[in-house]
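1. kindly generate the corresponding structure for this input.
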Amino acid sequence: MELRRSIISAAVTKSGVDIGPDDVEVLATESREDRMHDVVMADGCSNLATVQKRGLTMLWQHDADHPVARVVRAWRQGDSIRARVKFPPLGTSIQADEARRLVKSGVVDSVSIGFRPLKSEPLRGGGVKFTSWEWLELSFVSVPALPSAIVTAKRGPKAPPRERRAPMREDLELSRIIRQQRLELAALEAQDRAETDALIEQTYAAARRYGIIS
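-> Numbers count the residues shown, from 1 in each chain. This next block holds a predicted model:
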């Protein structure tokens, strides 16, 4: 079985209102000549209805041993095919988490379809026009060939929740020491005020006794 790949650049535009933190939308392919002078006709996808119903595996760099997400929706829009891609929950796999970060941050912003040609015809000047094809997989890739498709919607990576740890024994002991020192300081301040007041009263008493003040 001949497997062909069509690599498409995917530049980021703006966030969609219904795009969740696990999702991105991409333009998977369109009926335009790529840098290899081939054209994959969007209306030639023979199993689009099946993909719409069952979804499709999302790979990393066309590596079948490196699945990172799932195409959960796919639809025709004019001369293009667009797809909603959903990453698995964080922690499902190291590979998927790394792919999510690279895609969400824009480091990797290209996609590529893997397909099996069913019908084709040569193009004048070289290249092949694929008029019927079976969609097998979609991949995030690093090097684009058709710089016209875009990631139409995405949401940036969600900040991880702050971990609330239980107080450690050392923390509790330190808090106890600080409270005790504050109590001792307050007691010393009160004693100083009392001693100062007593000294002032003794001074006034001596001054009255010797007639310095009346």
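
2. residues contacting the residue lying closest to G125 once chain neighbours are set aside?
-> Closest residue in space to G125, ignoring its immediate chain neighbours: H37 at 7.1 Å, by CB to CB, 6 or more residues apart in numbering. For glycine as for every other residue, the C-beta is placed from the backbone atoms N, C-alpha and C. Listed by CB atoms under 8 Å, 6 or more residues apart in numbering, the contact partners of H37 are L123, G125, G126, G127.

3. worst mean pLDDT across the helices and strands of this structure, which element?
-> strand 11-12 (a mean of 40; mean pLDDT, DSSP states H and E).

4. name the next helix or strand following that one along the chain.
-> strand 23-30 (DSSP states H and E).

5. summarise which helices and strands that next one is packed against.
-> Packing contacts for strand 23-30, counted by 3 or more CB pairs under 8 Å, 6 or more residues apart in numbering; DSSP states H and E, involve strand 4-9, strand 80-86, strand 110-122, strand 150-151, strand 153-154.

6. quick one: mean pLDDT over it.
-> Averaged across strand 23-30, the pLDDT comes to 92.

7. which element follows that strand toward the C-terminus?
-> Counting by DSSP H and E, what follows strand 23-30 is strand 39-40.

8. got the contact list for the helix or strand just after that next one?
-> For strand 39-40, the following helix or strand on the C-terminal side (DSSP H and E) is helix 48-54. For helix 48-54, the external contacting residues (CB under 8 Å, 6+ apart) are C45, V71, R73, A74, W75, R76, I81, W135.

9. would you list the buried entries among the contacts of H37?
-> The neighbour-count test (16 or more other CB atoms under 10 Å) marks none of the contacts of H37 as buried.

10. of these, the lowest pLDDT goes to which?
-> Minimum pLDDT across the contacts of H37 falls on G125, with 83.

11. can I see the domain layout of the protein?
-> With domains defined by automatic domain parsing, the chain comprises 4-154, 167-214.

12. need the winner for burial among those domains.
-> Mean neighbour count (mean count of other CB atoms under 10 Å) peaks for domain 4-154 among those, with a mean of 17.

13. any low-confidence regions in this protein?
-> 1-17, 144-171, 214 (pLDDT under 70).

14. which helix runs longest in it?
-> helix 169-209 (DSSP state H).

15. packing partners for it?
-> Helix 169-209 packs on no helix or strand, going by 3+ CB pairs under 8 Å, 6+ apart.

16. I'd like the distance from that helix to the chain centre, please.
-> 56 Å (CA atoms, centre = their mean, to the nearest Å).

17. do the same with stretch 84-93
-> Distance, centroid of stretch 84-93 to centroid of chain: 10 Å (CA atoms, centre = their mean).

18. what's in contact with it?
-> With CB under 8 Å, 6+ apart, stretch 84-93 has contacts from 20, 22-26, 58, 68-74, 96-97, 99-100, 138.

19. so which of the contacts of helix 48-54 sit within strands?
-> Among the contacts of helix 48-54, the members found in strands (DSSP state E) are V71, R73, A74, W75, R76, I81, W135.

20. can I get those in TSV including distance to S31?
-> TSV is the format used below for these (distance: CB to CB, whole Å):
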residue	distance to S31
V71	19
R73	20
A74	16
W75	15
R76	11
I81	9
W135	14
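
21. pick the one among those residues closest to E201.
-> E201 has its nearest neighbour among the ones in strands among the contacts of helix 48-54 in R73, at 87.5 Å by CB to CB.
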